[in-house]
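Participant: take a look and give me a structure for this.
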Amino acid sequence: MAVVIINCISETLGYLSIDSDSMFIYYNLYFLIHQTLWLYIAVDIFKLKYCRVFIPAGYVAFYIIDKLLIETEGLLYFSFISSSLTYIVVLLIVCFSKLKNEALDFFEHRQFAFVSAPLLFFCSMSFIFAFRDSKLRSEEVFGIGLYEVMSYSGSIVYYTLLMVFAVSFTKLNKSNQ
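Facilitator: Next up is the predicted model:
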C-alpha cells in the first residue's frame with residue numbers, strides 16, 4: 001500500500017509543480033523512495049539476508065553520487081535505470097535459482113506476483129529514460145507519443161497487479177479472521 005501512496009503523492013506534486021526545477025526535485029525524490037522501497041521489498045521477500053541492507057543502501061549511495069557528480073541538474077536518469085536493472089537482475093537470479101532447485105510452487109505464490117508487478121513499469125520507463133533525446137519521446141506510435149505509450153502501458157499493468165494483490169491479500173486476511 002505504501003507504494004501506491006508514494007506514487008499518488010508523487011503524481012500530485014508533479015502535477016502541481018510550478019516550474020520544471022521543482023518538478024525534477026519531486027520526481028527525483030520519488031525515484032529515490034520508490035526504487036529503494038521496491039529493492040528492499042524484493043530482497044526481504046526473497047529472504048536475501050546479506051543483501052537486505054547492501055542493495056538498497058548501494059542504490060542510495062549511487063543516487064547521491066549521481067546527484068552530486070554525474071547528473072547535477074534535471075532528472076536522475078542513471079539512478080532510475082540502475083535501480084531498475086538491479087531489481088530485474090535480483091529477480092532473475094532468484095527465479096533461476098528456484099528453477100534450478102525445481103521449486104515451481106514459488107512461481108504460483110502470491111508474493112511472486114507482487115514482486116513481479118513493477119517489472120513492465122521499470123522496463124518501459126528505463127527504455128524511455130535511456131534515450132535522453134526528447135524528440136524520441138515525442139515520436140508518435142499509433143497517433144500517441146512514445147512516452148505516453150510506454151508510460152501508460154507500464155503503469156496500467158503495474159497498478160493492476162498491485163490492486164489484484166491488495167484485493168487477494170485483503171480477502172485472505174478476512175478469511176483468516
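Participant: what bits of the chain have low per-residue confidence?
Facilitator: Low-confidence segments of the chain (pLDDT under 70): 1-4, 7-8, 10-11, 13-21, 133-134, 172-173, 176-177.
Participant: the strands in it, which residues?
Facilitator: In order along the chain, the chain carries the following strands (DSSP state E): 140-141, 144-145.
Participant: so which of those strands is nearest Val60?
Facilitator: Using C-beta to C-beta as the measure, strand 144-145 is the one of the strands of the chain that comes nearest Val60, at 32.1 Å. Yep, even glycine has a C-beta here, placed from its N, CA and C like the rest.
Participant: direction included, what does that closest one pair against?
Facilitator: strand 140-141 (antiparallel) (DSSP bridges).
Participant: run the chain-centre distance for the strand it pairs with.
Facilitator: Here strand 140-141 is found 24 Å from its chain centre; the criterion is C-alpha atoms, centre = their mean, to the nearest Å.
Participant: other residues contacting stretch 89-104?
Facilitator: Contacts of stretch 89-104 with the rest of the structure, by C-beta atoms under 8 Å, 6 or more residues apart in numbering, involve 39, 42-43, 46, 48, 51, 55, 106-107, 115-116, 119.
Participant: and for stretch 109-123?
Facilitator: Stretch 109-123 is touched from outside by 38, 41-42, 45-46, 84, 87-88, 91, 106, 153-155, 157-158, 161-162, 164-165, 168-169, 172, with contacts defined as C-beta under 8 Å, 6+ apart.
Participant: can you list which of these are found in helices?
Facilitator: Using DSSP state H to define helices, the subset of those located there is 38, 41-42, 45, 84, 87-88, 91, 153-155, 157-158, 161-162, 164-165, 168-169, 172.
Participant: which residue packs closest to Phe127, ignoring adjacent ones?
Facilitator: Nearest-residue entry for Phe127: Met150, 6.1 Å, with adjacent residues in sequence omitted and distances by C-beta to C-beta, 6 or more residues apart in numbering.
Participant: go ahead and confirm that neighbour touches Ser126.
Facilitator: No: assessed by C-beta atoms under 8 Å, Met150 is found out of contact with Ser126, at 9.5 Å.
Participant: nearest residue to Met125 other than its sequence neighbours?
Facilitator: Gly154 (6.1 Å).
Participant: neighbours of the one you found, how many?
Facilitator: 21 (other C-beta atoms under 10 Å).
Participant: can you tell me how far it is from Ile33?
Facilitator: Distance, Gly154 to Ile33, using C-beta to C-beta, to the nearest Å: 18 Å.
Participant: same question for Tyr50.
Facilitator: Counting by C-beta to C-beta, the gap from Tyr50 to Ile33 is 23 Å.
Participant: so which of those two has more stuff around it?
Facilitator: Just comparing Tyr50 and Ile33: by other C-beta under 10 Å the higher neighbour count belongs to Ile33, 16 against 8.
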